[in-house]
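Colleague: okay, predicted coordinates and the sequence, questions at the end:
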There are 2 protein chains.
Amino acid sequence: MQGRRPTLVDVATAAGVSRSTASRAINDHPRVAPEVRQRVRKVVEELGYRPDPTARALATGAPGRRTDTLEIIVVEGCATAFGSNPFYGRVLEGVLDGLRGTEARMRVHVLSVADAPRALDELSRTTGLGALLVNVDAPLAKRFYERCPRIVSLGRSAPFVPFTEPENLRGGRTAVRHLIETGRRRIVAIDGRRQSPCGADRHTGYVNQMREAGLRPLWAVGDYSREGGVTATRRLLAEQPDLDAIFAACDLSAVGALQALAEAGRRVPDDVAVVGFDGSLLAACTNPPLTSVAQPVEEMTANAVRQLLANQVTDRWYRSFPVTLSVRQSTAA
Amino acid sequence: MQGRRPTLVDVATAAGVSRSTASRAINDHPRVAPEVRQRVRKVVEELGYRPDPTARALATGAPGRRTDTLEIIVVEGCATAFGSNPFYGRVLEGVLDGLRGTEARMRVHVLSVADAPRALDELSRTTGLGALLVNVDAPLAKRFYERCPRIVSLGRSAPFVPFTEPENLRGGRTAVRHLIETGRRRIVAIDGRRQSPCGADRHTGYVNQMREAGLRPLWAVGDYSREGGVTATRRLLAEQPDLDAIFAACDLSAVGALQALAEAGRRVPDDVAVVGFDGSLLAACTNPPLTSVAQPVEEMTANAVRQLLANQVTDRWYRSFPVTLSVRQSTAA
DNA sequence: TTGTACGCGTTATCAC
DNA sequence: GTGATAACGCGTACAA
């Protein structure tokens, strides 16, 4: 009777009434004596009683409405700070869009690479409505999918696992083509994590387009962070001092590039042009504003969520979204 | 039998076994005949059976562990875009910090002002572990608190409602003092929403410090958005063309100010100095980097979450966190 | 290895 | 107005 959390029976007995009455008093039902209501409320206060949401949901909820939670599962790489990369804000915004008009809510899980396997196993057991996987590597996604088929991976994943993605490869090409068209030749790249399919695709797009133009590709590996962008740029400047353009795999890295360039006394866009990837708000906030390959993150995510809720996602389901180049002053001719 | 979502009994009967066996087969229990396991799995597949997480939690979970969800409730003002203001990313990051080492997870609700009353009533009924209220106005917070005492408001709220906040008033003063010390005199302000206590406090801090210095305060109302910062700055420039400093109530507005200033041909910091509020990553990404009154959002939030989980939050509980000035080039002398 | 029976905490439907 | 009693869907000792 001590450590146990009080239950409705405790309240009822303490108040000298039946469970039913206690329940009614608590839930503001009309047909209950005012005096009794007071008494029950007082007991609730004293005992610190809090109705168990789970039991309540089980008793109340319609079979379908009971589980109203969509799981958003993000695995954080080395420096992929969830709170600081605007990308994640856009993902959440998209989820909210997709959830609009629904009673469903989102629960957000941010896992370290180390915790991910265990946590994903646990989550795959309790997931009801479905899950959106962000940055979850292929093996883990596959395992999750086998235990819970209601998922979409944001970014290509293991075979069969439903996914949605922007045209990463084309994005890489577009960036390079734009730089070439505006007169740049010594174009280097700051990659994202190479393990991730999206990072790999953007990289490939860059390399292919460079080769086709008869230019020599050169890159440094970043990690989708600002710091990564700074160090990558320093390294690239050391390796190829006469570079005249940088293509970064994400806007945050591009910001790092801008800062490293300023630190090195290079002017943007006069000496060096910079193109980012994402088309986030951040790109519009830098100075000079950043040209960026824009991906419709909110749209992609919202679409995935709606399909998930509508139970339209099946084996091999996937969507590809076009990217567009937002030209700003960081690549002005 | 048609529209109803299949339950464990359906699976069991379809597979010709008892519920227990079906349950065991599904949950990978050791003692179950391989052949039976296969059969059950097949039926699960065919029927599209998904165990009800709620019922499962009720049956499995220890009384305390059952509710593992902390509700993060954000009310969106006019232009307070959840996905684009880095502030919210930091809030979530802080929640994650506070949750670390716990089994608890966060569920994020973003409500429009219109939906808020209804949604909050609903949520106050189902909230178990507790809730963190962001941007919820005093009356609504009070109502929520009466129905569910396990909450903390991020920002001052109605009396008795537990809250945590940065030293907003002092922050306003600090910004102005810094500007004065670096030689500025015609200092104007871009306010946040005046209805919010934090916006009001920052405003008061600005006004008081100006008056004490014998300077005339002048301000325009923003809405914590970039666009708001742009239009406010344009208005201020029209009203007081010779202004030499701007104090913005949030970094995002400050970015808008930077852009409006550039558009008007004013140089920063040569012609006009700019100070933001938040100390978000954004401030370090602009060019010139933005001097900003830094508030420890992650720390505040993490602390609130931990206190909430530890059940240490009582009537009138509150915490105040110091702000510090991060001086960058937007106010260089 | 499988089935029976009970408990999880609430709400809802009846009678009274 | 109030109190038994039956769901809600699932997990799991316990017995078989």
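Modeller: Great, that's in hand.

Colleague: in stretch A:309-319, which residues are buried?
Modeller: Residues of stretch A:309-319 classed as buried: A:Leu309, A:Val313, A:Trp317 (neighbour count, 16 or more other CB atoms under 10 Å in any protein chain shown). Quick note: C-beta positions are derived from backbone N, CA and C, even for glycine.

Colleague: so which of those residues sit within helices?
Modeller: Among those, the members falling in helices (DSSP state H) are A:Leu309.

Colleague: can the buried residues of stretch A:309-319 go into a markdown table with extra columns for distance to DNA strand C and pLDDT?
Modeller: Formatted as a markdown table, these follow (distance: CB to the nearest atom of the strand, whole Å; pLDDT from 0 to 100):
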| residue | distance to DNA strand C | pLDDT |
| --- | --- | --- |
| A:Leu309 | 24 | 93 |
| A:Val313 | 31 | 95 |
| A:Trp317 | 34 | 97 |
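
Colleague: what residues does the lengthiest helix in chain A touch?
Modeller: The longest helix of chain A (DSSP H) is helix A:197-212. The contact list for helix A:197-212 (CB atoms under 8 Å, 6 or more residues apart in numbering or on different chains) reads A:138, A:155-157, A:165-166, A:168-177, A:187, A:189, A:191-194, A:216-217, A:219, A:224, A:247, A:249, A:277.

Colleague: in chain A, what residue spans correspond to strands?
Modeller: For chain A, the strands defined by DSSP state E cover A:69-76, A:105-112, A:130-134, A:151-154, A:163-166, A:187-191, A:219-221, A:245-248, A:273-278, A:291-294, A:318-321, A:324-326.

Colleague: mind giving me a markdown table with the buried residues of stretch A:309-319 and columns for distance to A:Leu111?
Modeller: Shown next, in a markdown table, are the buried residues of stretch A:309-319 (distance: CB to CB, whole Å):
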| residue | distance to A:Leu111 |
| --- | --- |
| A:Leu309 | 23 |
| A:Val313 | 22 |
| A:Trp317 | 24 |
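
Colleague: if you count neighbours, what's buried in the longest helix of chain A?
Modeller: Using 16+ other CB under 10 Å as the test for burial, helix A:197-212 gives A:Pro197, A:Cys198, A:Gly199, A:Ala200, A:Asp201, A:Arg202, A:His203, A:Gly205, A:Tyr206, A:Val207, A:Gln209, A:Met210.

Colleague: chain center to it: distance?
Modeller: 23 Å (CA atoms, centre = their mean, to the nearest Å).

Colleague: that one versus strand A:187-191: what angle between them?
Modeller: Helix A:197-212 runs at 170 degrees relative to strand A:187-191, counting by axes from the mean of the first three to the mean of the last three CA atoms, to 10 degrees.

Colleague: what number of residues lie near A:Trp182?
Modeller: One correction, residue A:182 is Thr, not Trp. When neighbours are counted by other CB atoms under 10 Å in any protein chain shown, A:Thr182 registers 16.

Colleague: distance of the residue in the stretch 151-300 of chain A positioned nearest to DNA strand D relative to A:Pro6?
Modeller: In the stretch 151-300 of chain A, the residue that lies nearest DNA strand D is A:Ile151 (19.0 Å; CB to the nearest atom of the strand). Per CB to CB, to the nearest Å, A:Ile151 is found 38 Å from A:Pro6.

Colleague: what of A:Leu290?
Modeller: Here the criterion is CB to CB. By it, A:Leu290 lies 57 Å from A:Pro6.

Colleague: between those two, tell me which one has more neighbours.
Modeller: Remark: of A:Leu290 and A:Pro6, A:Leu290 carries more neighbours, 30 against 17, as counted by other CB under 10 Å.

Colleague: nearest residue to that one in space, please, no chain neighbours.
Modeller: What sits nearest to A:Leu290 in space, not counting adjacent residues and going by CB to CB, 6 or more residues apart in numbering or on different chains, is A:Ala283, at 4.0 Å.

Colleague: with A:Pro139 instead?
Modeller: A:Pro139's closest residue in space is A:Ala158 (CB to CB, 6+ apart), at 6.9 Å.

Colleague: show me the contacts for the one you found.
Modeller: So A:Ala158 contacts A:Ala138, A:Pro139, A:Ala141, A:Lys142, A:Tyr145 (CB under 8 Å, 6+ apart).

Colleague: top of those residues by number of neighbours, please.
Modeller: Sorting those by how many neighbours each has (other CB under 10 Å) puts A:Ala141 first, at 26 neighbours.

Colleague: how many other residues sit next to the residue nearest to that one when sequence neighbours are not counted?
Modeller: Leaving aside its sequence neighbours, A:Ala141 sits nearest to A:Ser157 (CB to CB, 6+ apart; 4.3 Å). By other CB under 10 Å, the residues close to A:Ser157 number 25.

Colleague: swap in the one 5 residues further on?
Modeller: The burial metric for A:Pro162, expressed as a neighbour count using other CB under 10 Å, is 24.

Colleague: is it true that it touches A:Ser153?
Modeller: Yes - using CB atoms under 8 Å, A:Pro162 is in contact with A:Ser153, at 6.8 Å.

Colleague: how about stretch A:120-132 and chain B, any contact?
Modeller: Yes - contact of stretch A:120-132 with chain B (CB under 8 Å from any CB of the partner chain) involves A:Arg125, A:Thr126, A:Thr127, A:Gly128.

Colleague: which intervals of chain A have sub-threshold pLDDT?
Modeller: Residue ranges of chain A with pLDDT under 70: A:1-3, A:78-80.

Colleague: care to break it down by domain?
Modeller: With domains defined by automatic domain parsing, chain A comprises A:8-51, A:69-165+A:298-321, A:168-295+A:325-331.

Colleague: hey, which of the ones you listed is tucked in deepest?
Modeller: Most buried of the domains of chain A, by mean neighbour count (mean count of other CB atoms under 10 Å in any protein chain shown): domain A:168-295+A:325-331, with a mean of 22.

Colleague: kindly check the end-to-end length of that domain for me.
Modeller: 20 Å (CA to CA, to the nearest Å).

Colleague: ok, stretch A:219-230 next?
Modeller: OK, stretch A:219-230 end separation, CA to CA: 13 Å.

Colleague: circling back: just give me the closest of the buried residues of stretch A:309-319 to DNA strand D.
Modeller: A:Leu309 (19.3 Å).

Colleague: and the closest one, how far from B:Tyr206?
Modeller: Distance of A:Leu309 to B:Tyr206, given as CB to CB: 46 Å.

Colleague: with A:Glu227 instead?
Modeller: Counting by CB to CB - A:Glu227 and B:Tyr206 are separated by 33 Å.

Colleague: cool, and A:Arg31?
Modeller: Using CB to CB, one gets 56 Å for the distance from A:Arg31 to B:Tyr206.

Colleague: and what of A:Ala232?
Modeller: In terms of CB to CB, A:Ala232 sits 40 Å off from B:Tyr206.

Colleague: one more: A:His29?
Modeller: For A:His29, the distance to B:Tyr206 (CB to CB) stands at 51 Å.

Colleague: cool, and A:Leu154?
Modeller: To B:Tyr206, A:Leu154 is 42 Å away according to CB to CB.

Colleague: surely A:Val188 meets A:Ala249?
Modeller: No - checked against CB under 8 Å, the pair A:Val188 and A:Ala249 is beyond contact range at 12.0 Å.

Colleague: overlap in contacts, those two.
Modeller: In contact with both A:Val188 and A:Ala249: no residue, using CB under 8 Å, 6+ apart.

Colleague: you'd agree A:Phe321 is up against A:Pro296?
Modeller: Yes - under the criterion of CB under 8 Å, A:Phe321 makes contact with A:Pro296 at 5.3 Å.

Colleague: got any residues that touch both of these two?
Modeller: Residues touching both A:Phe321 and A:Pro296 (CB under 8 Å, 6+ apart): A:Pro166.

Colleague: for the closest residue to A:Glu298 other than its chain neighbours, give me its contacts.
Modeller: Counting by CB to CB, 6+ apart, A:Glu298 lies nearest to A:Gly94, which is 3.8 Å off, once chain neighbours are set aside. For A:Gly94, the contacting residues are A:Val297, A:Glu298, A:Glu299, A:Met300, A:Thr301, A:Ala302, A:Val305, B:Gly83, by CB under 8 Å, 6+ apart.
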